[in-house]
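**Student:** I'll drop the sequence and a predicted model, then ask my questions.
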Amino acid sequence: MAKRMKNISSVSIILVVLSSFLLLGAFPWLQEKTREPLSEHSKLWLEEVVPYIITPAEKEIFLNLPNEIERGKFIENFWKKRDPNPETPENEFKLAYYRRIAFANKFFGYGGIPGWKTDRGRVFILLGPPNEIQHDYSYGRGSLTHQGAIKEDWTYWNLPNPNLPYTLEFVFIDAYGTGDYKLEISLGYKGNEVFPLNLQATHLFFNQLEILAEALSNPFEKADRLRAIITTQVNYNLVPFTCETLIRKGSAENNQIIILISLPLDSLEKKVRGNQTGYSITVMLNISNSLGEKILEKTQDYTWPSEIKGASWPLASPSSWPMIIHLPPGEYGFHLLVLDNWSGKIGTFHQKITSPDFKTGKLAMSDLFLMSSAAKEANLLSLKYLKNVFSQNEELTLEFEVYNIQLNPETRKGKLQVKLSFFKDNNLFISLSPLEHEISDLTESQIRTSFRLRHFQPGHYKLRVDVDDNFGLSSCFKEKEFIITSN
């Protein structure tokens, strides 16, 4: 009998233990007594660092971890599995994410609310800088909107995520002109289809921007340092570049503004892989009207490799590339920001520009476009050939346009005389024989000519082009500076 009772007691104990495990599994709240509460570091990481990119499943796992040691390991693995290039010492995904948080906090915050918590900051952190931003300051004048309301339209296209549509559009409304922009519309365009876009579908995908900065091996352990990087990472006026605007008549009522940006490659951080050196910058352009209101914002990324051995240009020589915008005649504020994506350093440029009115009826010229000899074979102006620095063994191609040419009413023909003069150190170096240019039926014309530079000594030059309208008895001129280097 005693033996039987002993067996019954053993079975009872086993059943009690099993029941306890089943209860704990079915009711997780019973385990809270054995789970350490989240520390301030863990809360910071979960609520302020990764709220837009952590998945619901990951968040649930993190919240159910028993202690801070396990949470620290989770955070380290969280970043490791998102590292696009584990063989490199940097985690490019994590660094790009930090850079976007820093930028969002600096430019999208308002009224004490940090930028990462705003709608614009969220979209920027998820997708990076938009390809184009349009502002509508007249939006608040409608009968259905508040006075002073502003609409901001962000457009993305060709993002490197195959799961996203080719074109994305986000419309933000600042209902009272206070800086509090709310996301009103988010759309995706695919073919002829337009559909609402769920931002949650984008939370795992980033442009893999590579920036050379110190990686935080574990932000969970260094939360204070992470805060400092987020708020102070962006440095200004450290990327040296020059900027030139070239203007010519465009279509309809707008002029075409070509912005030629030049900077020496050795002023940028570089990443070397094998025999390739890569450079990456982001250019942000802002145009304001005479009232100081922002009317156009455009962002463009440039990433290019160059061979270390046998490079076709010295790294100290300026490398140039154009941006294009269209503006009606008027006075504008011109603000340019160049960001070195790998160092986080920024350079800025500000000036006033005038978009001229070419429809006054007076003889007028576009700006002078100087191009490399490779452009000689092209029938139309190719912006990729634009430059201001030439070597002695090159052939320089000049192109410009002339407007409002007077025609003989009987023959419907006009005649221009074009004179080219080169100055070195403000002294006349050479003046070429005038060129005769005939026009039929048109009141505007494109003129192109080329000449070799082998007789030009290295130095700074200025080209002056004088145009005389033989029938209209009027004239105009333009000047352009450029540099010639030794072979």
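**Tutor:** The structure has been received and is ready for your questions. Because the structure is predicted, anything quoted here is derived from the model rather than measured.
**Student:** what about the stretch 301-450 of the chain, any weak spots by pLDDT?
**Tutor:** Within the stretch 301-450 of the chain, the segments meeting pLDDT under 70 span 306-318, 344, 374-382.
**Student:** ranges for the strands of it?
**Tutor:** Listed in chain order, the strands of the stretch 301-450 of the chain (DSSP state E, counting those that start in this stretch) span 318-327, 330-340, 346-355, 364-365, 369-371, 389-391, 395-403, 413-424, 427-431, 435-440, 445-452.
**Student:** what strands line up against the longest one, and which way round?
**Tutor:** Using DSSP bridges, the strands paired with strand 413-424 are strand 427-431 (antiparallel), strand 435-440 (antiparallel), strand 459-469 (antiparallel).
**Student:** just those strands: most buried one?
**Tutor:** strand 459-469 (a mean of 17; mean count of other C-beta atoms under 10 Å). Placement of C-beta: from N, CA and C, glycine included.
**Student:** could you give the angle of that one to strand 445-452?
**Tutor:** With axes from the mean of the first three to the mean of the last three C-alpha atoms, to 10 degrees as the basis, strand 459-469 and strand 445-452 are set at 140 degrees to each other.
**Student:** dump strand 459-469 to CSV, keeping only the CA atoms.
**Tutor:** These are the backbone C-alpha positions of strand 459-469, laid out as CSV (Å, rounded to 0.1, in the frame of the first residue of the first chain):
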residue,chain,number,x,y,z
GLY,A,459,47.3,79.6,-67.8
HIS,A,460,44.0,81.4,-67.3
TYR,A,461,42.2,82.8,-70.3
LYS,A,462,39.1,84.7,-71.1
LEU,A,463,37.1,84.3,-74.4
ARG,A,464,35.0,87.2,-75.7
VAL,A,465,32.5,86.6,-78.4
ASP,A,466,31.1,89.7,-80.2
VAL,A,467,28.0,89.2,-82.5
ASP,A,468,26.9,91.8,-85.0
ASP,A,469,23.5,91.7,-86.8
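**Student:** which SSE is immediately downstream of it?
**Tutor:** Using DSSP states H and E, the helix or strand that follows strand 459-469 towards the C-terminus is strand 474-485.
**Student:** doesn't residue 246 lie inside a helix?
**Tutor:** No. Residue 246 is assigned strand when assessed by DSSP: H, G, I helix; E, B strand; the rest coil, not a helix.
**Student:** so residue 395 bridges to which residues?
**Tutor:** What pairs with residue 395, by the bridge criterion (DSSP bridges), is residue 452.
**Student:** against residue 454, how distant is it?
**Tutor:** Relative to residue 454, residue 395 is positioned 9 Å away (C-beta to C-beta, to the nearest Å).
**Student:** hmm, back to that, closest one to residue 157 among the strands paired with strand 413-424?
**Tutor:** Ranking these by proximity to residue 157 (C-beta to C-beta) places strand 459-469 first, at 38.1 Å.
**Student:** contact partners of the closest one?
**Tutor:** Counting by C-beta atoms under 8 Å, 6 or more residues apart in numbering, strand 459-469 makes contact with 363, 365, 368, 370, 398, 400, 402, 405-406, 414-426, 429, 474-484, all of which sit outside it.
**Student:** same thing but at 7 Å, please
**Tutor:** Defining contact as C-beta atoms under 7 Å, 6 or more residues apart in numbering, one finds that strand 459-469 is touched by 363, 365, 368, 400, 402, 405-406, 414, 416-424, 475-484.
**Student:** residue 395 and residue 454: which has the busier surroundings?
**Tutor:** When residue 395 and residue 454 are compared on other C-beta atoms under 10 Å, the one with more neighbours turns out to be residue 395, at 16 against 11.
**Student:** doesn't residue 456 make contact with that one?
**Tutor:** No. Look at residue 395 against residue 456 with C-beta atoms under 7 Å: they stay out of range, at 11.5 Å.
**Student:** and the closest residue to residue 405 other than its chain neighbours, how many neighbours does it have?
**Tutor:** The spatial neighbour of residue 405 that comes closest, neighbours along the chain excluded (C-beta to C-beta, 6 or more residues apart in numbering), is residue 414 at 4.6 Å. Taking other C-beta under 10 Å as the criterion, the count of residues near residue 414 is 22.
**Student:** contacts only, for residue 414.
**Tutor:** The contact partners of residue 414, by C-beta under 7 Å, 6+ apart, come to 405-408, 439, 469, 471.
**Student:** with residue 474 as the reference, measure out to it.
**Tutor:** 11 Å.
**Student:** thinking again about what came up before, so which of the strands of the stretch 301-450 of the chain is the most surrounded?
**Tutor:** strand 369-371 (a mean of 23).
**Student:** adding distance to residue 122, write the strands of the stretch 301-450 of the chain out as TSV.
**Tutor:** Putting those into TSV (distance: least, C-beta to C-beta, whole Å) gives the following:
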stretch	distance to residue 122
strand 318-327	27
strand 330-340	20
strand 346-355	22
strand 364-365	47
strand 369-371	42
strand 389-391	43
strand 395-403	45
strand 413-424	55
strand 427-431	58
strand 435-440	56
strand 445-452	47
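**Student:** quick one: closest of these to residue 71.
**Tutor:** Comparing the strands of the stretch 301-450 of the chain by C-beta to C-beta, strand 330-340 comes nearest, at 33.7 Å.
**Student:** surely residue 257 touches residue 325?
**Tutor:** Yes. Here residue 257 lies in contact with residue 325, judged by C-beta under 7 Å, at a distance of 4.9 Å.
**Student:** which members of the contacts of residue 414 are classed as buried?
**Tutor:** When the contacts of residue 414 are checked for burial by 16 or more other C-beta atoms under 10 Å, the buried set is 405-407, 439, 469, 471.
**Student:** against residue 56, how distant is residue 41?
**Tutor:** For residue 41 relative to residue 56 (C-beta to C-beta), the value is 22 Å.
**Student:** show me which of those two is the more surrounded one.
**Tutor:** More neighbours surround residue 41 than the other of residue 41 and residue 56, with 19 against 8 (other C-beta under 10 Å).
**Student:** confirm that that one sits in a strand.
**Tutor:** No. Remark: residue 41 does not belong to a strand; assigned using three-state DSSP, it is helix.
**Student:** can you report how many residues neighbour the closest residue to residue 281 other than its chain neighbours?
**Tutor:** With sequence-adjacent residues excluded and distances taken as C-beta to C-beta, 6+ apart, residue 281 is closest to residue 302, at 5.2 Å. Using other C-beta under 10 Å, residue 302 has 15 neighbouring residues.
**Student:** what's near enough to touch residue 302?
**Tutor:** For residue 302, the contact set (C-beta under 7 Å, 6+ apart) comprises 281, 283, 321.
**Student:** likewise for residue 394?
**Tutor:** For residue 394, the set of contacting residues under the criterion of C-beta under 7 Å, 6+ apart consists of 372-373, 453.
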